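K.L.:
dropping a prediction and its sequence here:
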Amino acid sequence: MSAQQSALGNLLADVAKAVRDMSDDEFEKLVKGELRPSISFKERGSGIKGRKPSPILSEERLRSIQTKLDAARTREEGHQIVQEAFPMKEGLFIFAKFLDLPVQRKDKIEKIQDKIVTATVGRRLSSEAIRGGYSAK
């Protein structure tokens, strides 16, 4: 296989991944012509040297983040905590599994964040609303 064939194969693999990662709604819009794809180019490092190592999340760190979420007063505050703690999808997966939440590889970052916030902050706020309001711990 020539270098050109390999480069074209990599490009097509990236396009296929982008299509797989689309939500059903986005895909419908693409098919209808309501959504246009855009392509951007960025330099790649060579091999493993170009990749940044993923952060290792200890159980202690995961529990600390869970404690912060348990103390959050609003869903927005919960979203901010999750976004700051897990800037990458990999960390969100690890934390969702830690919380025993069902997530799929095709889930978008925002969807996983929503699941986490709903399961922690949202659950607590709903419970407090049923009991008659927020009670400071």
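P.N.:
All right, it came through fine. Numbers count the residues shown, from 1 in each chain.
K.L.:
residues in contact with stretch 105-116: which ones?
P.N.:
Applying C-beta atoms under 8 Å, 6 or more residues apart in numbering, the external contacts of stretch 105-116 come out as 20-21, 23, 69, 78-79, 82-83, 86, 89, 92-93, 95-96, 99, 101, 103. Quick note: C-beta positions are derived from backbone N, CA and C, even for glycine.
K.L.:
just the buried ones from the residues you listed, in PyMOL syntax?
P.N.:
Buried subset of these, written as a PyMOL selection, criterion 16 or more other C-beta atoms under 10 Å:
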select buried, resi 69+78+79+82+86+92+93+95+96+99+101+103
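K.L.:
the contacts of stretch 105-116 in strands, which ones?
P.N.:
Judged by DSSP state E, strands contain none of the contacts of stretch 105-116.
K.L.:
pLDDT averaged over the lengthiest helix in the chain - what is it?
P.N.:
Ranked by residue count, the top helix of the chain under DSSP state H comes out as helix 3-20. Helix 3-20 shows a mean pLDDT of 80.
K.L.:
my read is that residue 99 contacts residue 119, right?
P.N.:
Yes: Residue 99 lies in contact with residue 119 (C-beta atoms under 8 Å); the separation is 6.0 Å.
K.L.:
could you find the closest non-adjacent residue to residue 85?
P.N.:
Nearest residue to residue 85, sequence neighbours excluded (C-beta to C-beta, 6 or more residues apart in numbering): residue 65, at 4.9 Å.
K.L.:
tell me who's in contact with that neighbour.
P.N.:
Applying C-beta under 8 Å, 6+ apart to residue 65 gives the contacts 81-82, 85, 95.
K.L.:
narrow those residues to those in helices?
P.N.:
Among these, the residues falling in helices (DSSP H) are 81-82, 85, 95.
K.L.:
now those as JSON lines including pLDDT and distance to residue 130?
P.N.:
Below are the ones in helices among the contacts of residue 65 laid out as JSON lines (pLDDT from 0 to 100; distance: C-beta to C-beta, whole Å):
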{"residue": "81", "pLDDT": "93", "distance to residue 130": "23"}
{"residue": "82", "pLDDT": "93", "distance to residue 130": "24"}
{"residue": "85", "pLDDT": "91", "distance to residue 130": "28"}
{"residue": "95", "pLDDT": "91", "distance to residue 130": "26"}
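K.L.:
lovely, talk soon.
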